[in-house]
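>>> Structure for the following, please:
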Amino acid sequence: MSKIRKFTQFSFRDLVAAAGPTVLVIAGLCLLAYFLVDPTPPRSVTLATGQENSAYEELGKKYAVLLAKQGIKVTLVRTLGSQENLRRLDDGKVDIAFVQSGSTDQRAASKTGLVSLGSLFTEPVWLFLREPTKVTQINQLKGLKINVGPEGTGVPKLFRQVLELNGVAPTDLTLGALENTPGTVELLEGRIDGLVFSSGPDALMVQMLLQTPGIKLFDFAQAEAYTRRLPFMSHVVLPRGIVDVGRDLPSQDYHLIAPTATLVARHDLHPALIDLFVQAASQIHGGTGWFQQQGQFPSERYTEIPVSREAAKFYKDGPPLLQRYMTFWLANFFDRMWVVVVALAALLLPLSKIVPPLYVWRIRSRVYRWYGQLRTVEQELEAGHGKEEVCAGLLKRLDEIEELVNQISIPLAFADGLYGLRSHINFVRNRVKSAMAPA
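As a prediction, the model looks like this:
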């Protein structure tokens, strides 16, 4: 006897077969969206700093330590300074760099595709002179030897602007182009009269020269006037005794003019890395200092380069919500998942309409495919003209078909199709038997 399969309530195998291709298509498109629309942040980034022993170089090391905790390797690139950093950014040789305000302008930055991550701190212009040089006005520098550093630092351009405001031509004095370290040696050895550079107060060179006997800091008594003529400058005061209260160093307040140090990146730097750098800047520069109050820096102010959207959002709302409670990579994963959700929502509705008809077709096809064989039996019956040996073979064939049909497993909802097939098999059998009967 043939074994009759039981009816089932639901065919999970058919559902998997029907939905499988759709699920694979959706999963593939979601993965494609995940990696192409918002790619994973790179795990390494290059940061252009500044000269040896400069504040930029020391700060670069601090950024590298903080980002290493988040699994990001920061490769530090030593340079001459702001002008070289801008060239390297423009050439794509570095991803992010320290740049002094006044080194570029908004129009130039827009053309080269640069964005600012904000200003970090003020960088006073330090003009150190050998005693007993008596200079109280910039126009008194005529005839002296002053080292302003290489062109790549940005200081020569800035100092020429200062000279121009005082009616002094660069040819009225001898301007040296040594880097800070050899320039300082020349100053201490007495082979030049003065040294100009722009740096934060925590730079080793500044700390040393402020405490070196025979070296005097120039007081920009007209600092406020400079800030009105050079808008990227600000007026800061070096308070009396700030270097060493016990020794009363310096022995007076010094007025200084100061551009600001900014963090500048290429426009294609990954948004997640911009968030990390701005957060690191907040930790490094957010405290009090010689020239700043708590929370004054980092800031979206004091920069002529357009601030990136991610940095502006940080200054307005703080760090991303998820990064406040979980690691960077985990937060970034969930933050990027919205891309997958949008892709899934866009695909799920149209593709879901395909699955139910496909499921129904797969189940009904188990029944419908036997009708082809029944039709073949009828055609052979007609061609055999009721011959007994032909009809006997057809009856045997119908028995085989019925036995196989009885083994079909099918959900109850589609039982009518199976019973209809069995009745049709019996109908064809009766036709064959009628053809065998004697006329």
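>>> so L276 is in which element?
Element membership for L276, per DSSP states H and E: helix 271-285.
>>> Could you pull out the buried residues of that helix?
271-282, 284-285 (16 or more other Cβ atoms under 10 Å). Where C-beta positions appear, they are placed from N, C-alpha and C, glycine not excepted.
>>> Show me what that helix is packed up against.
Applying 3 or more Cβ pairs under 8 Å, 6 or more residues apart in numbering; DSSP states H and E, one finds that helix 271-285 contacts helix 55-68, strand 114-122, strand 260-266, helix 309-317, helix 328-352.
>>> Out of those, which is closest to G372?
Closest to G372 of the helices and strands packed on helix 271-285 is helix 328-352 (Cβ to Cβ; 30.8 Å).
>>> which element follows the closest one toward the C-terminus?
That would be, after helix 328-352 and using DSSP H and E, helix 355-384.
>>> next SSE after that next one?
helix 388-405.
>>> re earlier: any chance of the helices and strands packed on helix 271-285 in CSV with mean neighbour count and mean pLDDT as columns?
Below are the helices and strands packed on helix 271-285 laid out as CSV (neighbours: other Cβ atoms under 10 Å; pLDDT from 0 to 100):
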stretch, mean neighbour count, mean pLDDT
helix 55-68, 19, 92
strand 114-122, 25, 91
strand 260-266, 25, 92
helix 309-317, 16, 89
helix 328-352, 15, 69
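>>> Can you say which of the ones you listed is nearest to G102?
Closest among those, once you apply Cβ to Cβ, is strand 260-266, at 8.9 Å.
>>> Among the buried residues of helix 271-285, which one sits closest to I410?
Checking the buried residues of helix 271-285 against I410 by Cβ to Cβ gives A272 as the nearest, at 52.8 Å.
>>> for the nearest residue in space to the closest one that is not next to it in sequence, helix, strand, or coil?
Nearest residue to A272 in three dimensions, chain neighbours excluded: P41, at 4.2 Å (Cβ to Cβ, 6 or more residues apart in numbering). On the three-state scheme (DSSP: H, G, I helix; E, B strand; the rest coil), P41 is labelled coil.
>>> Same question for L127.
strand.
>>> can you check F220 too?
coil.
>>> ok now do it, which residues does it touch?
V125, Y226, Y254, H255, L256, I257 (Cβ atoms under 8 Å, 6 or more residues apart in numbering).
>>> Please repeat the previous calculation with a cut-off of 6 Å.
Applying Cβ atoms under 6 Å, 6 or more residues apart in numbering to F220 gives the contacts H255, L256, I257.
>>> top of the residues you listed by neighbour count?
L256 (25 neighbours; other Cβ atoms under 10 Å).
>>> Quickly note the distance from G190 to P213.
Here the criterion is Cβ to Cβ, to the nearest Å. By it, G190 lies 13 Å from P213.
>>> neighbour-wise, which of the two wins?
More crowded of G190 and P213, by other Cβ under 10 Å: G190, with 9 against 6.
>>> Look at the more buried one and report its pLDDT.
In the prediction, the pLDDT value recorded for G190 is 93.
>>> Quick check: phi and psi at it.
Dihedral pair for G190: phi 80, psi 10, per degrees, to the nearest 10.
>>> Setting aside sequence neighbours, what's the nearest residue to it?
Nearest one to G190, counting by Cβ to Cβ, 6+ apart, is R130 at 6.4 Å.
>>> How many neighbouring residues does that neighbour have?
R130 has 18 nearby residues by other Cβ under 10 Å.
>>> With L204 instead?
The burial count for L204: 17, using other Cβ under 10 Å.
>>> Give me the pLDDT for it.
84.
>>> From P21, how far off is it?
66 Å.
>>> With L217 instead?
On the measure of Cβ to Cβ, L217 and P21 end up 76 Å apart.
>>> Which of those two has more residues huddled nearby?
Higher neighbour count among L217 and P21: L217, with 18 against 13, using other Cβ under 10 Å.
>>> Need phi/psi at the more buried one.
The phi/psi pair for L217 (degrees, to the nearest 10) is phi -90, psi 130.
>>> now it, which residues is it bridged with?
F128 (DSSP bridges).
>>> So for it, what's the pLDDT?
pLDDT, read off for L217, is 95.
>>> same deal with the one 3 residues further on?
The per-residue pLDDT reported for F220 equals 96.
>>> element containing Q207?
Applying DSSP H and E, one finds Q207 within helix 204-210.
>>> Give me the buried stretch members for that helix, please.
Buried-residue list, helix 204-210, by 16+ other Cβ under 10 Å: L204, M205, V206, L209, L210.
>>> so the residue nearest to A272 touches L273, yeah?
Yes - the pair P41 / L273 is scored as a contact, 5.4 Å apart, by Cβ atoms under 6 Å.
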